[in-house]
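Trainee: predicted model and sequence below, questions to follow.
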Amino acid sequence: MEPTRPLPAISGRGAPTNLRPTRTGSLDRAADGDWLDTAEDIDGTAPALRTTVTVEHPRTIIARNNSPDIGFDRSINPYRGCEHGCIYCFARPTHAFHDLSPGLDFESRLFAKPDAAALLRGELAKRGYVPAPLAIGTNTDGYQPIEREWGVTRAVVEVLAETRHPLIVTTKSDRILRDIDLLADMARDNLVGVAISVTTLDPAVARTLEPRAPHPKRRLAAIRKLIDAGVPTQVNISPIIPAITAHEIEAIMAAAAEAGAIRASYILLRLPHEVAPLFRAWLDAHYPDRAAKVIHMVQDIRGGRDNDPDYFSRMKGRGVWAQLIRTRVKRAAREHGLDKSFPPLRSDLFRPPERDGQMELF
């Protein structure tokens with residue numbers, strides 16, 4: 001039997017394949033030499049993959065969680081899917097619940113929630129609502145390219161600023177600077193904290209790893225501008241990928257400190273569900289010389305598996321390699337002054353929005 005050939009990389013996209021979701025009954029069709037595998041030879045190259053956006057009308061917008069290893073219990077996702085196309089994105093498997101591929105579909109067949117701000121206003125106005133930091137960007141990036149046209153994230157932030165509700169933003173896009181007026185206003189009352197993700201400083205690596213995310217230099221420049229505007233901002237080195245980006249830990253720390261970041265955090269590469277075969281295909285396309293080594297190191301960090309879903313260890317890993325990375329991160333953070341605590345966000349300034357056009361009487 002001939003060895004399987006690596007799938008070719010697709011320019012401008014992260015996933016080299018449209019792997020079907022195997023957990024929902026739709027099975028992927030591997031290349032097996034039948035006529036479908038020669039369709040390109042007959043019909044020619046397929047047209048360029050275009051991004052489409054479908055409007056979604058959810059009934060609620062605040063998602064709740066009880067995870068003990070993250071610092072918030074509620075979040076908002078203005079979009080489903082993410083055009084940044086980061087091959088490592090742990091949110092990719094969520095597209096399977098729509099019977100769409102966690103591969104190319106995740107980064108090209110997107111969903112927008114234009115009712116998000118109105119839904120948020122209604123939920124914040126409910127009697128008995130207790131404010132606590134609300135996160136944006138923890139699943140898919142609220143400042144991905146389609147935010148330029150749709151503006152769903154800005155509308156949500158406007159409601160949070162109006163009601164003086166605490167907010168945590170995680171993004172890898174300098175598009176967040178468009179909302180610096182709202183964020184600076186909230187920062188004056190200790191209502192907001194921002195994390196900018198920088199995975200690599202190498203633009204060549206970034207182009208394949210996270211093909212439609214802004215250049216690393218633009219993200220570092222965004223840190224500087226947010227800090228200058230008084231918005232507390234940290235660098236998130238996420239994910240750290242063994243044998244691909246791990247050697248850059250100290251350099252990213254130094255660059256983030258130069259940009260003014262107040263602290264640093266990190267997450268080790270996670271490969272849940274369909275992310276694992278997609279990441280393997282990406283390695284075969286871009287790093288065939290070290291693909292086996294990378295997977296071996298990932299499995300060493302994850303207790304012999306591709307992924308460790310257990311609380312606490314899922315973020316930081318286990319074993320010798322994980323401990324080595326943890327030590328390097330702590331040492332570099334201390335050296336560059338990035339080991340400070342993030343300022344606590346206030347919840348006592350919250351003022352509920354109007355209910356059906358009426359202010360609360362009591």
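Mentor: It's in.

Trainee: tell me if I'm right that T60 and K126 touch.
Mentor: No. Checked against Cβ atoms under 8 Å, the pair T60 and K126 is beyond contact range at 10.8 Å. To be clear about C-beta, it is placed using only N, CA and C from the backbone, and glycine gets the same treatment.

Trainee: for this structure, which strand extends over the most residues?
Mentor: strand 233-240 (DSSP state E).

Trainee: work out the gap between the helix or strand just after that one and the centre of the chain.
Mentor: The helix or strand immediately downstream of strand 233-240 is helix 249-259, counting by DSSP states H and E. Taking the mean of its C-alpha atoms, helix 249-259 sits 20 Å from the chain's own mean (Cα atoms, centre = their mean, to the nearest Å).

Trainee: what are the buried residues along stretch 331-338?
Mentor: Residues of stretch 331-338 classed as buried by neighbour count (16 or more other Cβ atoms under 10 Å): A332, A333, H336, L338.

Trainee: ditto for stretch 196-210
Mentor: So stretch 196-210, judged by 16+ other Cβ under 10 Å, has buried residues I196, S197, V198, T199, T200, L201, V205, A206, R207, T208, L209, E210.

Trainee: stretch 71-91 now?
Mentor: Going by 16+ other Cβ under 10 Å, stretch 71-91 has these buried residues: 72, 75-91.

Trainee: list the buried ones in the helix ranked longest in the chain?
Mentor: Taking DSSP state H as the assignment, the helix of the chain that covers the most residues is helix 319-335. Buried residues in helix 319-335, counting neighbours by 16+ other Cβ under 10 Å, are found at W321, A322, I325, R328, V329, A332, A333.

Trainee: what angle sits between that helix and helix 249-259?
Mentor: Computed with axes from the mean of the first three to the mean of the last three Cα atoms, to 10 degrees, the direction of helix 319-335 lies at 20 degrees from that of helix 249-259.

Trainee: closest to R188 among the buried residues of stretch 196-210?
Mentor: I196 (20.1 Å; Cβ to Cβ).

Trainee: just say helix, strand or coil for that closest one.
Mentor: strand (DSSP: H, G, I helix; E, B strand; the rest coil).

Trainee: pretty sure it contacts N236?
Mentor: Yes. Between I196 and N236 there is a contact at 6.7 Å, judged by Cβ under 8 Å.

Trainee: got the buried residues of stretch 196-210 as TSV, with pLDDT, distance to D99 and secondary structure columns?
Mentor: Listed next are the buried residues of stretch 196-210 as TSV, based on pLDDT from 0 to 100; distance: Cβ to Cβ, whole Å; DSSP: H, G, I helix; E, B strand; the rest coil:
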residue	pLDDT	distance to D99	secondary structure
I196	98	34	strand
S197	98	29	strand
V198	98	34	coil
T199	98	30	coil
T200	98	33	coil
L201	98	38	coil
V205	97	32	helix
A206	97	31	helix
R207	96	30	helix
T208	96	28	helix
L209	97	27	helix
E210	97	26	coil
